[in-house]
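In: Have a look; sequence and predicted model below, questions after that.
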Amino acid sequence: MLAPVRTQTPLADLEREITAPGDGLDRLRLVDAPFVPEVRLHLAEDAILWWARMEAAAGRSLPPPYWASVWAGGQALARHLLDHPELAAGRRVLDLAAGSGLVAIAAALAGADRVVANDVDPWAVAAVTVNARANRVTVAATGDDLLDSTASADLVLAGDVLYDAGLAARVLPYLQRAADRGAQVLVGDPDRGHLPPDRLELVAAYPVPVTEPSVDSPVRRVQVLRPR
Ligand SMILES: C[S@@+](CC[C@H](N)C(=O)[O-])C[C@H]1O[C@@H](n2cnc3c(N)ncnc32)[C@H](O)[C@@H]1O
């Protein structure tokens, strides 16, 4: 395990972690996203160990590093965009709750005109920056909480955002407002128990290899949905 180091900004910390990753399970590695090998991401070998080391170095608690893993919902959505590039090509795209930025990067690779990746975790904002760099695409990363506003993008993407009842209660109206003002909205979701039965309709389904922590099935059926 690496010795504790003083933390700086999330971006400086991630850049240092990438430059000198060490060789333990608590390191970041640049790897292909399993279901979207067109995209490479700096992910934690073991996100829990990485988190524990960074918290020890910071001397305070840090948000869970969701950005350091790939998520089934984001992988299905990114796959869908790369298989249907016309959805994003030439459009202004918002990736809501972007995590690593996988979906945003897929939109950029599909030819989007402008991509914004938003996440309230400052480490995710930094992760989007380093991951966009690794894939040689331009993605603007922002950290404001947008959920009480109305999106102005042409295409709004939300991968694996419905994992918590409180968050789903804010995200679903946000997505509906975006759709009502004419945006195309796509959600990638492996059904973590907060999918509304009647407000979204199925666009596609993908068998995504499961890699996130605490899940033991090797493949998961993941839906891409849009507001009815
Ligand atoms: C399960 S991860 C999914 C990440 C990514 N979309 C993917 O599929 O790989 C959920 C993300 O939601 C972010 N999040 C939580 N509340 C949020 C909010 N109010 N606005 C934006 N992002 C939020 C978390 O920080 C986390 O990165």
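Out: Nice, thanks for sending it over.

In: For the closest residue to the ligand within the chain, grab phi and psi.
Out: Distances between the chain and the ligand by Cβ to the nearest ligand atom are smallest at Gly74, namely 2.1 Å. In this view, the C-beta of every residue, glycine as well, is placed from N, C-alpha and C. Per-residue torsions, Gly74: phi -70, psi -40 (degrees, to the nearest 10).

In: Just give me how far stretch 105-119 sits from the chain centre.
Out: Taking Cα atoms, centre = their mean, to the nearest Å, one finds the center of stretch 105-119 at 12 Å from the center of the full chain.

In: quick one: buried residues of it?
Out: Within stretch 105-119, the residues scored as buried using 16 or more other Cβ atoms under 10 Å are 105-110, 112, 114-119.

In: what two of these have the greatest distance between them?
Out: Within the buried residues of stretch 105-119, two members stand farthest from each other by Cβ to Cβ: Ala110 and Asp119, at 20.1 Å.

In: returning to that earlier point: the residue of the chain closest to the ligand touches Val161, doesn't it?
Out: No. Using Cβ atoms under 8 Å, Gly74 is not in contact with Val161; the gap is 9.1 Å.

In: So for these two, which residue has more residues nearby?
Out: Gly74 (34 against 27; other Cβ atoms under 10 Å).

In: tell me the contacts of the closest residue to the more buried one other than its chain neighbours?
Out: Excluding the flanking residues, the one nearest Gly74 by Cβ to Cβ, 6 or more residues apart in numbering is Gly159, at 3.2 Å. For Gly159, the contacting residues are 71, 73-78, 95, 97, 99, 102-103, 187-188, by Cβ atoms under 8 Å, 6 or more residues apart in numbering.

In: and which of the residues you listed is nearest to Thr142?
Out: Minimum distance to Thr142 across these is 10.3 Å, recorded for Asp95 (Cβ to Cβ).

In: Neighbours of the closest one, how many?
Out: Neighbourhood size, Asp95 [other Cβ under 10 Å]: 33.
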